[in-house]
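1. Dropping the sequence and predicted coords here.
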Protein chains: 2
Amino acid sequence: MHKSTQEDSRIHNSRLVLSTIYNRGETSRAEVARLTGLTRTTVSEIVGRFIEESLVTETGVSPSRGGKPAILLQVNDDARHLIGIDLANSEFRGAVVNLRGRVIRRLYLPVDELDGQAAVALVYSLIEQLMAHVERPILGIGIGTPGLMDPQKGIVRQAVNLDWHELPLGDLLRQRFNLPIYIANDSQAAALGEFTFANPGRHNNLVIIKVGRGTSAGIVLDGKLFHGDNSGAGEIGHVKVVEAGAACRCGNTGCLETVVSSRALLRQAREIARQDPDWMLNRLAPAPEMFTTETLLLAYASGDPRVIEMVAQAGRHLAVAVAYLASTLNINHIVIAGSLSRFGEGLVQPVREQVQKGTLASLARQTEITVSSLGGDIVILGAASLLLSNELGLNLTGTGPQQ
Amino acid sequence: MHKSTQEDSRIHNSRLVLSTIYNRGETSRAEVARLTGLTRTTVSEIVGRFIEESLVTETGVSPSRGGKPAILLQVNDDARHLIGIDLANSEFRGAVVNLRGRVIRRLYLPVDELDGQAAVALVYSLIEQLMAHVERPILGIGIGTPGLMDPQKGIVRQAVNLDWHELPLGDLLRQRFNLPIYIANDSQAAALGEFTFANPGRHNNLVIIKVGRGTSAGIVLDGKLFHGDNSGAGEIGHVKVVEAGAACRCGNTGCLETVVSSRALLRQAREIARQDPDWMLNRLAPAPEMFTTETLLLAYASGDPRVIEMVAQAGRHLAVAVAYLASTLNINHIVIAGSLSRFGEGLVQPVREQVQKGTLASLARQTEITVSSLGGDIVILGAASLLLSNELGLNLTGTGPQQ
């Protein structure tokens, strides 16, 4: 707590006005005044400044309802471009997006086995290539990275796959590109992406579980990313769920990730393929080591019962994590994302069934478990959302459509 | 978000001043001004009002350090009395406490098999008896109740043991006693109690797991109780943790409460006692049905290996819940309370061991699992804390000792 000053108030009011226009889609000065409780004069002053900066444009006149017709305002979605980056996959993904999260240009670069400084160089290259497609003033660069982060300092504390330890990625990028840089853990970024760009119910609380190469969650509470004491909130992938289970890359055994992740499914599929050379998957790839999530998706789509059961079994394991999340947080909207979410109902239906059976009935009834609609863009869009809230102060649901 | 007004600002500043004095213990007007950023004049005006209301007293003069000696201020801890009530046990517990949570008078009434309206009458009786011991202006009544709550409306949505469904307890008590009434779920109240009165590190985030007749958690985030979408946050007792486990009073089977609760331990002890009439517990009570948690504690204290193992096994089951809580929230301070916490290290050490083995190492290292020091008063003190924050606006750590 600190005392409120006039300057705080001025910034607060500007952000409130811009957020209101952004969240309403189309509105008038009078409506903004009514929704925010600010005076018409204050709203007009603030809107004037945004029009000068071309962030807001006048788009027409509202149909008259008796009184004087009002001039309509919109945020100019293409006034700025943003770069969003997703480092959580076997390829580094990036995109140029506009203020509404519309993708202008996507670019994926394969990581192969690059790590350490070579992986940093690949991030530079990805951003440089994307820069060539930025056609408007750029707001900054947002990054979603796997592993544990210090988001304040922009330091990647530990990203095992990339062999990054205490990497000051924020400073490195700021020095190189001289732009605002925001970095979050990939699941936390995914939660922001879902919250901002795929949240039609405008829920204030949201949990996303990203199931891909690893498994972790991102939690939005009261419209804000929840970080926990050491920015590790949502790191559920290494809870021990199987006694005497498989070895995990974290050093323990039987972690959630050893049974719920693309690696886990691929490991199982490879074992089956080696034991049963006639299995259909052996016709989909030259050798079991070359299986990818795509291979599994093909087999799943063609109805292979072993892949269907494998996915369902992952769903049942995931259900215990979901039950704990739902019971701990009592957040009604839980969204599954990441590459395994491409199995859709095959993964999610077993989760729903187990959660129904294994949670206090009145809480389970209210819990809605869905698959994200953002697909492979979710972390990129989350990174863009980080920029929107930090650079423009957009409160991305607080003043949303209220009917 | 809404615009800030002068009135908001005035209330905000008053609460800020009182919180600062309360949290500092002893301070001066100058120090309050420095800590809050308010002007000396504003602080003096506000302090003047609190002195008139006898909430703050001048207690002496600080040793001079060159300048003019400053007059010291303290919150007058006995300026008001509060009533705190805990309905979560086989007896209803209540106490009169002062503003610092010091217990003036405790009263426990056995519930026996009372439920429904008879249980409500017992609450009335408990409060009426406590009223006789209130010697100062009373701030109000705070209640911790088992089950699911609607804390805004003061409605107990569901408390199975008391057979309460959609009971408007808040309104009933307000009508009867004409005092401010605040109600929270018992675990949520326990979290507030721990946070306010047993939080020497002044952590802003805290999880308490209350293991007694049931098992549930209370979560304090950023100094405030976290409720979730339907006030059910922390209701972890009914996550299914044992396949084909025992029937639970919630209607499902194998819930956490069926293996981690005083009922679970008593059920196991009764089974052993019936199979082995020579077991020492049979000498501690006339019949296995008469075993209580006290019986188990006696046997535990005398080193009975079966009770020791039973408690350790409960700890290992509890560890999975703790691992999910620690990983989901990344909150470093997890406190075990409730009647089973009386087994102390016998319960908590197995939890620590399992959490170490079954959580991402860098998170597990930071997680501290302890037993609450508040014992049987924890819910009562939490109910008192509800009153302090709601009626006096005390921000119970925000402006704590900053060196």
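-> Good, I have the coordinates.
2. Okay, now the unreliable bits of chain A?
-> Where chain A drops to pLDDT under 70, the residues are A:1-4, A:64-66, A:200, A:397-403.
3. For it, which segments count as helices?
-> Under the criterion DSSP state H, chain A contains helices at A:6-24, A:29-36, A:40-52, A:116-131, A:169-177, A:186-197, A:262-275, A:281-284, A:293-301, A:305-329, A:345-357, A:361-366, A:378-391.
4. which residue is nearest the centroid of chain A?
-> residue A:190 (1.2 Å; Cα atoms, centre = their mean).
5. Go ahead and confirm it touches residue A:380.
-> No: judged on Cβ atoms under 8 Å, residue A:190 makes no contact with residue A:380 at a distance of 9.7 Å. Yep, even glycine has a C-beta here, placed from its N, CA and C like the rest.
6. Which neighbours do these two have in common?
-> residue A:144 (Cβ atoms under 8 Å, 6 or more residues apart in numbering or on different chains).
7. Export the helices of chain A as TSV, with columns for distance to residue B:105.
-> Output for those, formatted as TSV (distance: least, Cβ to Cβ, whole Å):
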stretch	distance to residue B:105
helix A:6-24	46
helix A:29-36	50
helix A:40-52	54
helix A:116-131	65
helix A:169-177	56
helix A:186-197	48
helix A:262-275	58
helix A:281-284	73
helix A:293-301	65
helix A:305-329	36
helix A:345-357	45
helix A:361-366	37
helix A:378-391	50
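8. Just name the most buried of these.
-> helix A:186-197 (a mean of 29; mean count of other Cβ atoms under 10 Å in any protein chain shown).
9. name the helices or strands packed onto that helix?
-> Helices and strands touching helix A:186-197, by 3 or more Cβ pairs under 8 Å, 6 or more residues apart in numbering or on different chains; DSSP states H and E, are strand A:138-145, strand A:206-211, strand A:215-221, strand A:224-225, strand A:333-337, helix A:378-391.
10. Could you spell out the sheet neighbours of the first one, each with its direction?
-> It stands for strand A:138-145. Strand A:138-145 pairs in its sheet with strand A:81-86 (parallel), strand A:181-185 (parallel), by DSSP bridges.
11. and the angle for that strand with helix A:169-177?
-> For strand A:138-145 against helix A:169-177, the angle by axes from the mean of the first three to the mean of the last three Cα atoms, to 10 degrees is 140 degrees.
12. Repeat that for the longest one.
-> Taking the same axes, to 10 degrees, helix A:378-391 and helix A:169-177 form an angle of 80 degrees between their directions.
13. any idea how far chain B is from residue A:157?
-> 8 Å (Cβ to the nearest Cβ, to the nearest Å).
14. Surely that residue touches residue A:165?
-> Yes: contact criterion Cβ under 8 Å: residue A:157 and residue A:165 qualify, at 7.3 Å.
15. Between these two, which is the more surrounded one?
-> residue A:157 (18 against 14; other Cβ atoms under 10 Å in any protein chain shown).
16. got the contact list for the more buried one?
-> Residue A:157 touches A:147, A:148, A:149, A:150, A:165, A:166, B:362, counting by Cβ under 8 Å, 6+ apart.
17. how deep is residue A:246 tucked in, by neighbour count?
-> Neighbours around residue A:246, by other Cβ under 10 Å: 15.
18. Leaving out chain neighbours, which residue sits closest to it?
-> residue A:258 (4.3 Å; Cβ to Cβ, 6 or more residues apart in numbering or on different chains).
19. contacting residues for that neighbour?
-> So residue A:258 contacts A:242, A:245, A:246, A:247, A:248, A:264 (Cβ under 8 Å, 6+ apart).
20. now do residue A:302
-> residue A:280.
21. Which positions in the stretch 151-300 of chain A make contact with chain B?
-> The interface of the stretch 151-300 of chain A toward chain B, taken as Cβ under 8 Å from any Cβ of the partner chain, is made up of A:157-158, A:203, A:205, A:217, A:219, A:221, A:226-241, A:250-252, A:254-255.
22. tell me how far the ends of stretch A:76-91 are from each other?
-> 32 Å (Cα to Cα, to the nearest Å).
23. Kindly apply the preceding question to stretch A:299-312 instead.
-> 14 Å.
24. got it, and stretch A:146-165?
-> 12 Å.
25. Now do the buried residues in it.
-> A:146-151, A:154-159, A:161-162, A:164 (16 or more other Cβ atoms under 10 Å in any protein chain shown).
26. How far does that stretch sit from its chain's centre?
-> 17 Å (Cα atoms, centre = their mean, to the nearest Å).
27. Stretch A:335-350 too?
-> For stretch A:335-350, the distance to the chain centre is 16 Å (Cα atoms, centre = their mean).
28. I would like the residues contacting that stretch, please.
-> So stretch A:335-350 is contacted by A:89, A:190, A:194, A:206-213, A:215, A:260-262, A:265, A:293, A:297, A:300, A:308, A:311-316, A:318-319, A:351, A:369-372, A:374-375, A:378 (Cβ under 8 Å, 6+ apart).
29. now the end-to-end length of it.
-> 14 Å.
30. and which of the contacts of residue A:157 is nearest to residue A:390?
-> residue A:149 (14.8 Å; Cβ to Cβ).
31. Skip the chain neighbours and tell me the closest residue to the closest one.
-> Nearest non-adjacent residue to residue A:149 (Cβ to Cβ, 6+ apart): residue A:185, at 4.8 Å.
32. isn't that neighbour right up against residue A:216?
-> Yes: counting by Cβ under 8 Å, residue A:216 is a contact partner of residue A:185 at 7.5 Å.
33. Residues in contact with both of these two, list them for me.
-> residue A:234.
34. and the gap between residue A:82 and chain B?
-> 23 Å.
35. what's the neighbour count on that residue?
-> 28.
36. which residues touch it?
-> A:96, A:97, A:98, A:99, A:138, A:139, A:140, A:141, A:142, A:384, A:387, A:388.
37. hmm, back to that, give me the neighbour count for the residue nearest to residue A:149.
-> Residues near residue A:185, counting by other Cβ under 10 Å: 31.
38. measure it to residue A:127 for me?
-> 19 Å (Cβ to Cβ, to the nearest Å).
39. again with residue A:257
-> Distance from residue A:257 to residue A:127, by Cβ to Cβ: 29 Å.
40. does residue A:158 have beta-bridge partners, and which?
-> Going by DSSP bridges, residue A:158 forms beta bridges with residue A:148, residue A:165.
41. I'd assumed residue A:146 was in contact with it.
-> No: judged on Cβ under 8 Å, residue A:158 makes no contact with residue A:146 at a distance of 9.5 Å.
42. give me every residue that touches the residue nearest to residue A:393 when sequence neighbours are not counted.
-> Spatial nearest neighbour of residue A:393, excluding adjacent residues (Cβ to Cβ, 6+ apart): residue A:15 at 3.3 Å. Neighbouring residues of residue A:15 by Cβ under 8 Å, 6+ apart: A:392, A:393, A:394, A:395.
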